[in-house]
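*Asks:* Need a 3D model of the following:
(3 chains)
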Amino acid sequence: MVPSLGKDLLGLEHLTPEQIRLILDTAEPFKEVSERPIKKVPTLRGKTIVNLFFEASTRTRISFEFAEKRLSADTVNVAAQGSSVQKGESLVDTAQNLEAMRIDMVVVRHPSSGAAKFLGDRIRSNVINGGDGMHEHPTQALLDMLSIRDRVGHIDGLKVCICGDVAHSRVARSNIWGLTKLGAEVAVCGPQSLIPGAIEELGVTVFRRIEEAIEWADVLNVLRLQLERMKAGYIPSIREYYRVFGVTLERVERAPRDLVILHPGPMNRGVEIDSRVADGPHSVILHQVTNGVAVRMAVLYLLAGGQPELAEAAKGSDRGGAV
Amino acid sequence: MRPTLLKGGRLIDPSQDHDDVADLLIVDGKVEGSGKDITPPDGAEVIDASGKVVAPGLVDIHVHLREPGREEAETVATGAQAAAAGGFTSVCAMPNTDPVTDNQAAVGFIVKQAAAARAARVYPIGAISVGQKGEQLAEFGEMVHAGAVAVSDDGHPVESSHLMRTALEYALSFGIPVTEHCEDPVLAKTGVMHAGVVATRLGLRGIPSAAEDIMVARNVLLGELTGGHIHLCHISTQRSVELIRWGKERGVNVTAEATPHHFALTHEACDDYDTNAKMNPPLRAQSDVEAVREGLKDGTLDAVATDHAPHHYEAKDRDFDDAPFGVIGLETALGLGLTELVDRGYLSLPELIHRMSTRPANIFHLPAGTLRRGAPADVVVFDPEVRWTVDPTSFLSKSRNTPFAGWELAGRVERTLVGGEVVFSV
Amino acid sequence: MNPSYNETVLDTGAVADVLKRMAREIVEFAGGTDELVLVGIQRRGSDLAERLSRLIADQAGAQVPLGVMDITLYRDDLQTVGPRPVVGETRLPQQLDHKWVMIVDDVLYTGRTIRAAMDQLADFGRPARIGLAVLVDRGGRELPIQADIVGAHVDVPTGERVDVLVTELDGRDAVELVDGGKT
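*Replies:* The predicted structure follows:
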């Protein structure tokens, strides 16, 4: 019995481990589709999917677009803008307009936490959270976990440390939920001013020095440091951040274990991570990108589910699967 | 006006230490007397209050009535009616209107609107600074002369310690409290809820408790320096309560209030991004809620005040970051006080009446909170036992932004009288 | 024993005999093993394809390339099937152009599975010829599709269905009629 995902994918916080594993397992056959000469299956043919991005994003949007097109869906990209005063109206209006156009699925990225749920509560279409404020970015965490699983073979029992500006990171939060549910131990590492309050209450260890984190971890997920953090006074300078917290080749080579290095991209080479690490044998960063399309195909496929009542009627088929 | 006899209710009057079954006689809009088995005078209306509580009308020293400027959310009239429905006979209206109530004409406007409403009495609070900009003192004298009972820049903290000091000193000439919304604006900037594990989970920026504590400390110390009366609004943290207690022990003329939502809810209420749980100061942790309850019990927090903050539903129908702060409270305050404080054993019923009527009237020097002979007949009659479910669509307030929709509360207002006239009955 | 079991159409021995015959017929149909490729349809079709591949190796001494296909993503009834069926592995030999592809499945019924399989194969290449070998043909076609090689024709009474069991998944080989199925 396949555990259903419900109407929307808003985050990993409220998914069960079974549901998370379902998505990762479903991504496997979709990896193969991307290796074919004809990278298309007719599965979502005729479905309309809108990529509603209130924040600029090339990588995530393109990844979703490939996933949608490889499933034969029709895609529309909407780059919505609005001043912070207008943001609220935009979201409600947008929801109603989408509903009126009978869109099948929406992938939404928005600068406010909770925006995906706000949309999902108001429209019948499936809503996929492509990143809401600082809250969650579930498909990123899923592809991160798939990449870890591909390299190491399993997730449970692994020690994964998320490094960098965790406080403002939706990627970090989704990873914390997903990894802990699949049995990994999770830690965070960064300057205290960039670590979220009460994070220990979520079962996460805090390291104040990157050396301690590297000593402990099997896997590092290195987050991008944004220039605004320096301007907002959280850290004194980029240079100092690199010296104290940078994932450098020397530090990685001194690690007691064979570290696996992830980064959600785009990278600030020479700030949070050394080029030689990003391009080196420990890194699965490019693999993450490949997995991203497969994971997103899996999510779209699982959410665009059918109507269970009709399934009962269809269940008369022979056990051999002939239909 | 006919005399009115409220017969056989449990008459609780904290101003006279009275808590017993007794009759209350009202003549010409004033309390004529109370006692057992009063003979009704000719033509008197006799109302059977047996099984009910008869108390001085509740006094809410902190409400926002939005008029002038935001009449789609509330007006003086609808706010006064909502107050009466909640058992309040007097409310004090904050000046963060548009334009700001910072001069005698604006104060006079509120007084006039209140009189026309013929519901609960509305006393204006004037601004501390012109336009609430935190720069120049407003004309306290003129505003008091026009009817203001206190001054406040609520909505904002007074950032400048110099201005707060000056305000406290200047207010001494008029015998009015200076009331303050305690918040270090830089520390609290961009925060939308309490800084704790719930904010971390939801990915929302937090307002640390320290933002309130820092200003509470500053204000208590300025109270000590000036000898003025500093009243602290909507206290929400454990440390704030401790600091106020410390100040009182040292003889500082500091008083304080807490809202029902701060003794009934924690930051868990923000789960699911419910914008009806977004207000400033935010809902905090369980330990803070406990401290507020204890503070109301031992008198560190003198009064319950709702900080009734109406918002049109469209304003709140947004993502959490964007929605404005504030929840309404006039029509649920008594029920919450009875359910969360009395039924849970923190306060006795007379103590609750004291915190919701007599004491706030005292601190703001209002002719209310008492049923002694000659006092205005501002009375609330309520049934402390009846259970009811909160249905925002039935509120008399224009707004619906309450976090208590669907809650089952004990205790409901039956009748509210202002100056002997019934301004609300169920 | 399956309580709804009604009748054994083919027992283990019979299945083995039928498979041997089918293996010979496949090679004959393809005119030899040179360009022959077997593609089994998940799940039991792929087990049968593997058996046939071994039988062909025994009989003709040639190792015929073997692939498996999961046709779930090409089904025409995805909207009604409810909780998404788990998608199995698809693994096909690199080069399909100019080949003789023999699709292998356990039961041929409405023909929709085979329609989906052909659509899927078309996305991988252009075989010279596609053929179909099934262990059981139970009739009841809804599309104009026929099998080139059939193990057994089975009439299925109303209210029953035909089950193919394979050792790899079910512990034994058999073709049985059981209760259930469309009425």
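*Asks:* any idea which helix or strand carries the residue nearest to C:Thr33 when sequence neighbours are not counted?
*Replies:* With sequence-adjacent residues excluded and distances taken as CB to CB, 6 or more residues apart in numbering or on different chains, C:Thr33 is closest to C:Ala62, at 4.0 Å. In short, each C-beta sits where N, CA and C put it, glycine included. For C:Ala62, there is no helix or strand it lies in under DSSP states H and E.
*Asks:* ok, now C:Val104?
*Replies:* strand C:100-108.
*Asks:* What's the first helix or strand after that strand?
*Replies:* helix C:112-122.
*Asks:* So which bits of the following helix or strand past that next one are buried?
*Replies:* As assigned by DSSP H and E, the chain's next helix or strand after helix C:112-122 is strand C:129-137. Judged by neighbour count using 16 or more other CB atoms under 10 Å in any protein chain shown, the buried positions of strand C:129-137 are C:Ile130, C:Gly131, C:Leu132, C:Ala133, C:Val134, C:Leu135, C:Val136, C:Asp137.
*Asks:* Please enumerate residues in contact with strand C:129-137?
*Replies:* Applying CB atoms under 8 Å, 6 or more residues apart in numbering or on different chains, the contact partners of strand C:129-137 are A:320, C:9, C:15, C:18-19, C:22, C:25-26, C:29-30, C:48, C:52, C:99-108, C:114, C:118, C:121, C:145-154, C:162, C:164, C:175.
*Asks:* OK, now which residue of the stretch 51-200 of chain B is nearest to chain A?
*Replies:* B:Val197 (3.7 Å; CB to the nearest CB).
*Asks:* At which residues are the helices of the chain located?
*Replies:* Unless you meant another one, I'm taking chain A. A:17-33, A:59-70, A:84-100, A:115-122, A:138-152, A:170-181, A:210-216, A:227-231, A:238-245, A:249-253, A:275-278, A:285-303, A:308-314 (DSSP state H).
*Asks:* sorry, should have said chain C
*Replies:* C:12-29, C:44-60, C:112-122, C:167-170.
*Asks:* rewinding a little: put the buried members of the contacts of strand C:129-137 into a ChimeraX selection.
*Replies:* Applying 16+ other CB under 10 Å to the contacts of strand C:129-137, the buried members can be selected in ChimeraX as follows:
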select /A:320 /C:9,15,18,19,22,26,29,30,48,52,99,100,101,102,103,104,105,106,107,108,114,118,121,145,147,148,149,150,151,152,154,162,164,175
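*Asks:* tally of neighbours for C:Asp76?
*Replies:* Counted with other CB atoms under 10 Å in any protein chain shown, the neighbours of C:Asp76 add up to 14.
*Asks:* One more: B:Gly69?
*Replies:* 13.
*Asks:* One more: the one 5 residues further on?
*Replies:* Neighbouring residues of B:Glu74 were enumerated by other CB under 10 Å; the total is 26.
*Asks:* And for the one 5 residues further on?
*Replies:* When counting by other CB under 10 Å, one arrives at 33 neighbours for B:Gly79.
*Asks:* got a pLDDT number for A:Val323?
*Replies:* Looking at A:Val323, its pLDDT reads 33.
*Asks:* now swap in A:Pro236 and tell me
*Replies:* 86.
*Asks:* that older thread, take the helices of chain A and lay them out in a markdown table including mean neighbour count and distance to chain C.
*Replies:* Listed next are these as a markdown table, based on neighbours: other CB atoms under 10 Å in any protein chain shown; distance: least, CB to the nearest CB, whole Å:
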| stretch | mean neighbour count | distance to chain C |
| --- | --- | --- |
| helix A:17-33 | 19 | 4 |
| helix A:59-70 | 21 | 10 |
| helix A:84-100 | 16 | 20 |
| helix A:115-122 | 24 | 19 |
| helix A:138-152 | 25 | 15 |
| helix A:170-181 | 26 | 20 |
| helix A:210-216 | 19 | 36 |
| helix A:227-231 | 13 | 41 |
| helix A:238-245 | 17 | 41 |
| helix A:249-253 | 16 | 35 |
| helix A:275-278 | 18 | 32 |
| helix A:285-303 | 23 | 5 |
| helix A:308-314 | 12 | 3 |
